[in-house]
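Q: Below: sequence and its predicted model.
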Amino acid sequence: MIKRKQKEKTGSAVISADNTSQSTGSAEHHQTRRAFLRQAAAAGFFGGSLVSSSALSNKSWVSTQPADVCQPGQRCERDPLTGTARADAAKQRRIDAANYERNMTIPSHPCNGDEQLYSSQNYFASYTKGLQKVGDFGEVDPAAYNCLLFAINTGNPWDFENVPLGFNNDCNVVSDEEARLGRSGPFPPNKQRRLESPQAGYNFDLEGKDIYQLISGQDPSGNNAAFPEAFTFSSCDEAVEIIENYWQALTRDVAFIDYQTHSLIQAAVTDLNRPEFLACYHGPCDPNQAPCVTPKVYSRGILPGDISGPFVSQFLWRDNIPYGAQKISSMINSPRADYTLNDFMTTPAEWLMIQTGQTPNRVITPDGIRYIRSGRDLTAYVRNDAVYQAYLNAALLLLTPQTSGGLGVPLNPNNPYRVDPARLTRYCKQLNFVELGVSQLLSLLGEVSVRAHKAIWYQKWQVHRRLRPEEFGGRVHFNFTHATNYPINPIISNSGVFSKIYDRYTSYFLPQAYPEGSPLHPSYGAGHATLAGACVTILKAWFDSELPYTNFASFVQANANGDALVSVPISDSTNTIAQELNKLASNIAIGRDIAGLHWRSDYARGVSPGVYAGSVFLGEQVAIQLLQDWGFTYNEKPADFPGFVFRDFRGNLITVGGTQCPGPFCS
C-alpha cells in the first residue's frame with residue numbers, strides 16, 4: 001500500500017471545509033461558520049481540544065445534530081475547492097502520482113540471446129512468421145528480419161512499412177473488418193496478414209507507472225526483472241514445453257470430465273513424468289503424488305486454486321449471465337471433435353503457406369452450441385473472445401444479486417460503501433454508483449486491458465521476439481525427417497508423443513486448432529495471459545474474494561457431450577471466489593497453449609523451483625499500479641478507505657489503492 005505523502009491533520013471535517021470556504025469572502029460562509037460555532041460551544045466541543053474527524057463520522061452522532069448546523073446558504077456552486085484552487089489541486093495530484101511512479105525501481109529487461117546466437121543462420125530461433133522467407137524450411141530472409149530490427153530500433157512508423165512481408169508487399173492485406181471476422185469465420189483467401197501492433201510498446205500511459213518499469217518477478221539470479229528471459233531454443237526446458245504442446249494437441253477432444261480415466265491423458269502424464277522431463281518441467285504438480293504430473297493437474301495452471309475441482313472455472317460455466325434486461329447463455333459455438341477436419345498446418349505446404357502470413361484456405365467445421373467440455377471447445381472460446389469479455393461476464397455475475405440470476409458477492413471488506421451494520425464508520429447514506437462502485441469497476445476492466453496489452457507488446461516486439469510453437473514445430477518436423485539439423489535438445493527424442501503424432505498426421509508438425517495459426521506477433525509473453533492477470537486482479541480487489549464460492553452457488557461442470565451442466569462432488573468444491581477467478585485467468589491463458597499458439601512459459605515462466613514470473617504476474621502489476629493511481633483521485637478519507645485487500649497470485653494478502661490524502665479534509 002502506498003504511504004500517504006501528507007499526514008492527516010486532526011480536527012473536524014466540517015471545520016476544515018468551513019475554513020477552506022472562507023477564502024471566498026462571502027457573507028453566507030461567515031454566517032454558516034458562526035452558526036456552527038454557536039452549536040459547537042453549546043455542545044462543549046471547545047473545552048480544550050477539537051473533536052476528532054472519526055467522531056464526526058459516527059452516524060449516531062450525525063443523526064442527533066441540530067438542523068442549523070447544516071444551514072445551506074445561498075450559493076449554487078458548492079465545492080470546498082473551486083476556481084484556480086481546484087485546477088491547481090488536479091495538477092498537483094497528477095504530479096504526486098507521477099513522482100511516486102518515477103521513483104520506483106527500473107528493472108532489467110533480459111533476453112535469451114538466441115537472436116544474436118543464430119543471426120548468421122537465418123534467425124531460425126526467433127519469431128519470423130509473416131516475414132519474407134527463403135528456402136524450403138520456412139526460414140526468414142535475413143534482410144527482411146534486419147529491416148524489422150531496424151524499424152524496432154528507430155520506432156519510426158514508416159520504417160515498419162518497409163519490412164518485406166512473406167506473401168505479398170502490395171498492400172493486398174486483410175482489412176480491419178476481415179481480420180475481426182477471421183477469428184470466428186473464414187479469412188478472405190490470398191491476402192497478406194499484417195504484423196500486429198509493433199508500435200504498441202512505444203506508447204505511454206497517463207495512469208499507472210510506465211510499462212518499462214513494471215516488474216513481473218525476479219530473474220534466475222534473484223534480481224528484479226520486468227520479464228524473465230525466455231527459455232533458449234536448445235534448452236531442455238524448451239524441449240519439454242514443446243512436448244507438452246504436442247500432448248495438448250493430441251488430447252484436445254478428450255472431455256475434461258473424462259480426464260481421470262482416459263487413456264490419452266494417462267499416456268501424456270506418464271510421458272511428462274519421465275525423470276529427464278520433470279527436471280525441466282514448469283507446470284503444476286500434484287502434491288499428493290510422486291511422480292507429480294497426474295490427470296488432476298495435467299494442462300492446468302500454477303495459480304492458487306487451479307488444481308482444485310473441475311478443470312474449467314465456474315465463471316465460464318455459470319449460465320444465464322445477467323446483462324441488464326438480457327440473459328446471456330454460457331454455451332459456445334463448438335468446433336466438431338474431429339482432428340481430420342479441425343486440426344491444421346500438418347502438411348509442409350500448408351505450414352509454409354501460413355508461415356508467410358498468407359490467409360488460409362480452410363475453415364473450422366462447427367458442431368453446434370455446447371458448454372465448454374474439452375480443450376478444443378476452450379480453444380474456440382479464446383479464439384473469438386472480445387478482449388475482456390470473460391471478465392466482464394464475471395463482473396456482472398459477481399455484481400448481480402442471486403435473486404436476479406447473479407452471485408451477489410459483497411464488496412471488498414475495505415470498501416467504505418459496503419453495507420455492513422457491524423461497522424458504524426461505513427457510509428450508510430450514500431450509494432457508490434460512480435466511485436468505488438459499478439461505474440468505476442466496469443470502466444477499469446477496459447482501462448486495465450489496453451494497459452496490459454501495451455505492457456506485454458513491449459516485451460513481445462521490443463525485447464524477446466520469441467518464435468511461436470508452430471514455428472518450432474516446423475523445426476521439429478524437419479529434424480525428425482532428417483531434412484536439416486536444428487540444435488533442439490536431444491531429450492526430445494525420448495518422448496512417446498511424436499510417434500503418435502506421426503501415426504495420426506504422417507508428419508511431425510505441431511497441429512494447430514486454428515487454420516491461420518497464431519496471430520502475427522511474437523510469442524513471449526502472452527497477450528491473453530497478461531490481460532487475464534490484470535482483469536482478474538481488478539475483480540479480486542473489488543469483491544470480498546476470500547469468501548467460499550459455495551456461499552453463493554454450487555459447483556457444476558459440463559458433461560462429456562457438453563449439452564448439460566452436472567453437479568460436482570462436494571469434496572471437490574473448495575475454492576474461494578479468488579481461486580475461481582485465478583482459475584479463470586489460467587483457463588484463458590492455457591486455452592491458447594492447447595490451440596498450439598503459445599508456450600506454457602508465455603503464461604508463467606518458472607525462474608526457480610516453485611517460483612514463477614511472466615505474463616499473468618505482469619498483468620497483475622498493471623492492475624495494482626492502476627488501482628494505486630486511482631487512490632490519488634478519491635475524495636473519501638484515507639481512514640475510511642485504506643485500500644483494497646485481496647490475495648495476489650503468489651497467495652499473499654495485500655492492500656493496495658487506498659485514498660491518497662484528498663481535498664480539504666487532510667491537505
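A: Cool, the structure landed. Residues are numbered from 1 along each chain as shown.
Q: Return the set of residues that bridge with Arg647.
A: Under DSSP bridges, the beta-bridge partners of Arg647 are Leu653.
Q: what sits against it?
A: Applying Cβ atoms under 8 Å, 6 or more residues apart in numbering to Arg647 gives the contacts 304, 540, 545-546, 578, 653-654. C-beta: built from backbone N, CA, C; applies to glycine.
Q: Okay, it and Arg180: tell me how far apart.
A: 36 Å (Cβ to Cβ, to the nearest Å).
Q: Can you list the buried residues in stretch 550-568?
A: Of the residues in stretch 550-568, 552, 555-559, 562, 565, 568 count as buried by neighbour count, 16 or more other Cβ atoms under 10 Å.
Q: got the CA coordinates for it in CSV?
A: C-alpha atoms of stretch 550-568 as CSV (Å, rounded to 0.1, in the frame of the first residue of the first chain):
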residue,chain,number,x,y,z
THR,A,550,-20.2,-22.2,-2.2
ASN,A,551,-21.6,-19.3,-0.2
PHE,A,552,-23.2,-18.2,-3.4
ALA,A,553,-23.7,-21.2,-5.7
SER,A,554,-23.0,-24.9,-6.1
PHE,A,555,-20.2,-26.1,-8.3
VAL,A,556,-21.1,-27.5,-11.8
GLN,A,557,-19.3,-28.9,-14.8
ALA,A,558,-20.2,-29.8,-18.4
ASN,A,559,-21.0,-33.4,-19.1
ALA,A,560,-19.0,-35.3,-21.8
ASN,A,561,-21.3,-34.1,-24.6
GLY,A,562,-21.4,-30.5,-23.5
ASP,A,563,-25.2,-30.4,-23.7
ALA,A,564,-25.8,-30.1,-19.9
LEU,A,565,-24.2,-28.9,-16.7
VAL,A,566,-24.0,-31.5,-13.9
SER,A,567,-23.1,-31.2,-10.3
VAL,A,568,-19.6,-31.6,-8.9
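Q: the helices in the stretch 1-150 of the chain, which residues?
A: Along the stretch 1-150 of the chain, counting by DSSP state H, counting those that start in this stretch, helices occupy 13-21, 27-43, 53-57, 59-62, 83-102, 114-117, 142-154.
Q: Looking at the buried residues of stretch 550-568, which are in strands?
A: 556-558, 565 (DSSP state E).
Q: Which of the contacts of Arg647 sits closest to Phe509?
A: Among the contacts of Arg647, Pro304 lies closest to Phe509 (Cβ to Cβ), at 35.8 Å.
Q: ok but the closest one is inside a strand, no?
A: No - counting by DSSP: H, G, I helix; E, B strand; the rest coil, Pro304 is located in no strand; its state is coil.
Q: Next, find the distance separating it from Asp648.
A: According to Cβ to Cβ, Pro304 and Asp648 sit 9 Å apart.
Q: need the strands for the stretch 251-400 of the chain, in chain order.
A: 321-323, 326-328, 332-335, 366-370 (DSSP state E, counting those that start in this stretch).
Q: swap in the stretch 551-667 of the chain?
A: Using DSSP E, counting those that start in this stretch, strands in the stretch 551-667 of the chain cover 556-558, 565-567, 605-608, 611-613, 643-647, 653-657.
Q: which one of these lies closest to Asn320?
A: Across these, closest to Asn320 is strand 565-567 (Cβ to Cβ), at 11.1 Å.
Q: Show me what that closest one pairs with in its sheet, parallel or antiparallel.
A: Strand 565-567 has the following strand partners under DSSP bridges: strand 556-558 (antiparallel).
Q: Name the residues that touch the strand it pairs with?
A: Outside strand 556-558, the residues that touch it by Cβ under 8 Å, 6+ apart are 255-257, 310-312, 314, 317-318, 370-373, 564-568.
Q: Mind putting the buried residues of stretch 550-568 into TSV with distance to Val174 and pLDDT?
A: Shown next, in TSV, are the buried residues of stretch 550-568 (distance: Cβ to Cβ, whole Å; pLDDT from 0 to 100):
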residue	distance to Val174	pLDDT
Phe552	43	97
Phe555	42	96
Val556	39	97
Gln557	37	97
Ala558	34	98
Asn559	38	98
Gly562	31	98
Leu565	37	98
Val568	42	94
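Q: Of all pairs in those, which one is the farthest apart?
A: Phe552 and Gly562, at 24.2 Å, using Cβ to Cβ across the buried residues of stretch 550-568.
Q: before we move on, back to that, any chance of the strands of the stretch 551-667 of the chain in a markdown table, plus distance to Phe509?
A: Listed next are the strands of the stretch 551-667 of the chain as a markdown table, based on distance: least, Cβ to Cβ, whole Å:
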| stretch | distance to Phe509 |
| --- | --- |
| strand 556-558 | 30 |
| strand 565-567 | 36 |
| strand 605-608 | 25 |
| strand 611-613 | 29 |
| strand 643-647 | 41 |
| strand 653-657 | 44 |
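Q: I'd say Phe233 and Asp114 touch.
A: Yes - between Phe233 and Asp114 there is a contact under Cβ atoms under 8 Å: 5.1 Å.
Q: Only C-alpha atoms, please: export stretch 329-346 in CSV.
A: Provided in CSV are the C-alpha atoms of stretch 329-346 (Å, rounded to 0.1, in the frame of the first residue of the first chain):
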residue,chain,number,x,y,z
SER,A,329,-26.0,-18.2,-22.2
SER,A,330,-22.5,-19.5,-21.4
MET,A,331,-22.8,-22.0,-24.3
ILE,A,332,-20.4,-21.5,-27.2
ASN,A,333,-20.3,-22.3,-30.9
SER,A,334,-18.4,-25.6,-30.6
PRO,A,335,-16.0,-27.0,-33.3
ARG,A,336,-16.5,-30.6,-34.3
ALA,A,337,-14.4,-33.0,-32.4
ASP,A,338,-12.7,-34.4,-35.4
TYR,A,339,-8.9,-33.9,-36.0
THR,A,340,-9.2,-34.8,-39.7
LEU,A,341,-11.4,-31.6,-40.1
ASN,A,342,-10.3,-29.3,-37.4
ASP,A,343,-6.5,-29.7,-37.0
PHE,A,344,-4.4,-27.5,-39.3
MET,A,345,-0.9,-27.0,-40.6
THR,A,346,0.1,-30.6,-40.5
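Q: How about that stretch, which residues are buried there?
A: Applying a neighbour-count criterion of 16+ other Cβ under 10 Å, one finds 330-332, 334-335, 337, 339, 342-346 buried in stretch 329-346.
Q: for stretch 189-197, same thing?
A: In terms of neighbour count (16+ other Cβ under 10 Å), stretch 189-197 has its buried residues at 191-197.
Q: Of those, which belong to strands?
A: Assigned to strands by DSSP E, none of the buried residues of stretch 189-197 qualify.
Q: now, among those, which is nearest to Asp503?
A: Arg193 (31.8 Å).
Q: so how far is Lys129 from the closest one?
A: Distance, Arg193 to Lys129, using Cβ to Cβ: 9 Å.
Q: List the residues that are in contact with both of those two.
A: 357, 520.
Q: low pLDDT regions in the stretch 251-400 of the chain?
A: In the prediction, the stretch 251-400 of the chain carries no residues with pLDDT under 70.
Q: Okay, helices next: where are they in it?
A: Counting by DSSP H, counting those that start in this stretch, the helices of the stretch 251-400 of the chain are 263-272, 275-278, 314-317, 339-342, 348-355, 375-383, 389-399.
Q: Show residues contacting the fifth one.
A: Residues outside helix 348-355 that contact it (Cβ under 8 Å, 6+ apart): 128-130, 133, 136, 138, 166, 344-345, 360, 362, 470-471, 473-474, 477, 507, 509, 515-517.
Q: Specify the local secondary structure of Tyr212.
A: Secondary structure assignment for Tyr212 (three-state DSSP): helix.
Q: hang on, it packs against Tyr458?
A: Yes - Tyr212 is within contact range of Tyr458, at 7.0 Å (criterion: Cβ under 8 Å).
Q: what about those two, which has more around it?
A: Between Tyr212 and Tyr458, Tyr458 has the larger neighbour count (other Cβ atoms under 10 Å), namely 23 against 14.
Q: Thank you kindly, that will do.
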